[in-house]
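Chemist: Sequence plus predicted model, see below.
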Amino acid sequence: DTGVSQNPRHKITKRGQNVTFRCDPISEHNRLYWYRQTLGQGPEFLTYFQNEAQLEKSRLLSDRFSAERPKGSFSTLEIQRTEQGDSAMYLCASSLVSNYGYTFGSGTRLTVV
Amino acid sequence: AQTVTQSQPEMSVQEAETVTLSCTYDTSESDYYLFWYKQPPSRQMILVIRQEAYKQQNATENRFSVNFQKAAKSFSLKISDSQLGDAAMYFCAYKWGSEKLVFGKGTKLTVNP
């Protein structure tokens, strides 16, 4: 088991461009989460999947953000028309039983210039 | 809304000494879960220790232990025999009901040789 994998590790994009990030969870984990972490802050919840169903979304997830988890395996997070305020670390995590905590990936650092 | 407060933005400790990181939280619930996560520089977040609120006994994991004071809504982390590898950001997190974790802003721990 290679843990939670996120790609790319870093992404620099121009304002207004679309970006997509990928997360591959631990294979037996049916729960998958996306968080956003800005400098000097703790991670903030964005959205949660159980298998392929997106069951919870934060109000932080504006209509420019969309997440999918086809077939309940990997997940993608797309940001359309990026803004400078989208610059952050995007963290993915997975779990089998969330009360025992998550396993996090190393994150994708997005810089919007 | 549930909130998690870490009042110490930075802490330092001498190698082999003991340090305690503070965390308080706000909730009206009686059954919930608390976590401490470690985030080394440029590396993924790792679960250090967890506590179930209905258990009165404080959790312990090797050199890491917690002081859980439910009435005071306090959940501090004690690191004994500090090692250079303990240097990291430490985040306290709370979970109740939904799948999401609510994180504090973190405490940066420096270990001096």
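Modeler: That came through, no problem.
Chemist: From now on I want contacts and neighbour counts done on CA atoms only, so please keep to that.
Modeler: Noted.
Chemist: Name the secondary structure element that contains the residue nearest in space to the middle of chain A.
Modeler: Chain A has residue A:34 as the residue nearest its centroid, 3.4 Å off, counting by CA atoms, centre = their mean. Secondary structure assignment for residue A:34, by DSSP states H and E: strand A:31-37.
Chemist: any idea which helix or strand comes after that strand?
Modeler: Moving toward the C-terminus from strand A:31-37, the first helix or strand encountered (DSSP H and E) is strand A:44-50.
Chemist: that older thread, surely the residue nearest to the centre of chain A is in contact with residue A:46?
Modeler: Yes. If you go by CA atoms under 8 Å, residue A:34 and residue A:46 touch, sitting 5.4 Å apart.
Chemist: gap between the residue minimising distance to the centre of chain B and chain A?
Modeler: Taking CA atoms, centre = their mean as the criterion, residue B:36 is the residue nearest the geometric centre of chain B, at 3.5 Å. Counting by CA to the nearest CA, to the nearest Å, the gap between residue B:36 and chain A amounts to 10 Å.
Chemist: ok, for that residue, nearest residue in space, not its chain neighbours?
Modeler: Closest residue in space to residue B:36, ignoring its immediate chain neighbours: residue B:92 at 4.6 Å, by CA to CA, 6 or more residues apart in numbering or on different chains.
Chemist: How about residue B:77?
Modeler: residue B:66 (4.6 Å).
Chemist: what sits against the one you found?
Modeler: The contact partners of residue B:66, taken as CA atoms under 8 Å, 6 or more residues apart in numbering or on different chains, are B:58-60, B:75-78.
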